[in-house]
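Visitor: Have a look; sequence and predicted model below, questions after that.
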Amino acid sequence: MASLLSTTLNITARVAPGPVGRVAFALFVRPLGRPKVKPGEVEVMARAVTGRLVVDGIPVTTYRWGDGDRPVLVVHGWTSRASRFAGFVEALLAEGRTVVSFDAPGHGASGGRATTILRQREIIRRLRAQHGEFSAVLAHSFGVVSTFFALRDGIRADRIVGIGSIADFDFLAERFRALLGVNQAVEDAMRRHVQRRLFPGEPDIWPRFDACHHPEEIPSEILLVHDADDDTAAPAQSRAIAAAYGERARLIETSGLGHRRILLDPEVIASAVEFLNASPSQTPAASPAAETAGATR
């Protein structure tokens, strides 16, 4: 079926780009399944105070641990859920921090079948309105590019931790083409659909989805952690963010953890929490070359 669909889209894209764009976009924004809470995450999730937002008519499940000011916002990745950060939440709570998070539409305990970067931004805005300004954002994968998009549009955070980062829409589009087996004409049709449906009358929207675009607009200090064996998000994505933000960014490269197991690694969790708890004067200066950790893990 997948092969038949890709062949149909490839053939039709040049003669009927409108319908092809709609179909491609519907596939692009729909996660591949809805993973369940893992046994090791159950206890941490049971301690959360859950809430609900409604965005575009979709019920969104939210979570809060602790009751302090300026919480740490956690933004999960694609085909994932907030529970995947259980180890980070536990470590932050041990340091007396407050954490807020959510399951994106089409993910976890939230409703709907699809999400977009605009829905991500709206959810983050609503959480800021409920809980106040964030002290930091901890994000993974697609959650990283969503975070930078939101921070460029009025949300503020002193610090950002990006793990297995995706930095730009072009990378997402390239992966979509490769996974579905469609050609450039299908991607072009999808882009035109996005432009017309989500950003009518706004020219040149694509740089807005790039975490490296106008880094001066996001004054946060940044820690990036990326695994050399990540087969979902290329390490070059985090390297590009580190290069764009210069002295405000630090990059740690691990090995053997991949795209998802990196969220379970004790050293990664410890490094992230240490960074989030450090005062500005304690933050080590960044280096153009990445640090290397966990070469045998």
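Guide: Here it is on my side, so go on. A quick note: this is a predicted structure, and the numbers were derived from the prediction, not measured.
Visitor: Give me the residue at the spatial middle of the protein.
Guide: residue 143 (0.9 Å; C-alpha atoms, centre = their mean).
Visitor: which secondary structure element contains that residue?
Guide: In this structure, residue 143 sits in helix 142-151 according to DSSP states H and E.
Visitor: what does residue 182 give?
Guide: Following DSSP H and E, one finds residue 182 outside all helices and strands.
Visitor: Is it in contact with residue 11, as I believe?
Guide: No - here residue 182 lies out of contact with residue 11, judged by C-beta atoms under 8 Å, at a distance of 10.5 Å. C-beta: built from backbone N, CA, C; applies to glycine.
Visitor: which one of those two has more residues nearby?
Guide: More crowded of residue 182 and residue 11, by other C-beta atoms under 10 Å: residue 182, with 23 against 14.
Visitor: before we move on, the earlier item: show residues contacting the helix holding residue 143.
Guide: Residues outside helix 142-151 that contact it (C-beta atoms under 8 Å, 6 or more residues apart in numbering): 75-78, 117, 120-121, 124-125, 137, 139, 157, 160, 162-169, 172, 208-211, 218, 220, 241.
Visitor: Buried ones among these?
Guide: 75-78, 117, 120-121, 124, 137, 139, 157, 160, 162-169, 172, 208-211, 218, 220, 241 (16 or more other C-beta atoms under 10 Å).
Visitor: Out of those residues, which sit inside helices?
Guide: 117, 120-121, 124, 169, 172, 241 (DSSP state H).
Visitor: Alpha carbons of the helix holding residue 143, as CSV, please.
Guide: The C-alpha coordinates for helix 142-151 follow below in CSV (Å, rounded to 0.1, in the frame of the first residue of the first chain):
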residue,chain,number,x,y,z
PHE,A,142,11.1,17.7,16.6
GLY,A,143,10.5,19.3,20.0
VAL,A,144,13.7,21.3,19.5
VAL,A,145,12.7,23.0,16.3
SER,A,146,9.2,23.6,17.8
THR,A,147,10.9,25.2,20.8
PHE,A,148,13.0,27.6,18.8
PHE,A,149,10.0,28.5,16.7
ALA,A,150,8.0,29.4,19.9
LEU,A,151,10.9,31.3,21.5
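Visitor: Show me the strands in the stretch 101-250 of the chain, by range?
Guide: 136-140, 159-163, 221-227, 249-254 (DSSP state E, counting those that start in this stretch).
Visitor: Out of those strands, flag the one nearest residue 101.
Guide: Among the strands of the stretch 101-250 of the chain, the nearest to residue 101 by C-beta to C-beta is strand 136-140 (8.9 Å).
Visitor: Compute the inter-axis angle for the closest one and strand 159-163.
Guide: 10 degrees (axes from the mean of the first three to the mean of the last three C-alpha atoms, to 10 degrees).
Visitor: rewinding a little: ok, which of the strands of the stretch 101-250 of the chain comes nearest residue 92?
Guide: Closest among these, once you apply C-beta to C-beta, is strand 136-140, at 8.3 Å.
Visitor: mind checking how far that closest one is from the chain centre?
Guide: Its chain's C-alpha centre and that of strand 136-140 lie 8 Å apart, by C-alpha atoms, centre = their mean, to the nearest Å.
Visitor: Direction included, what does it pair up with?
Guide: Partners of strand 136-140 in the sheet, by DSSP bridges, are strand 72-75 (parallel), strand 159-163 (parallel).
Visitor: Tell me the helix or strand right after the shortest one.
Guide: Meaning strand 72-75. helix 86-94.
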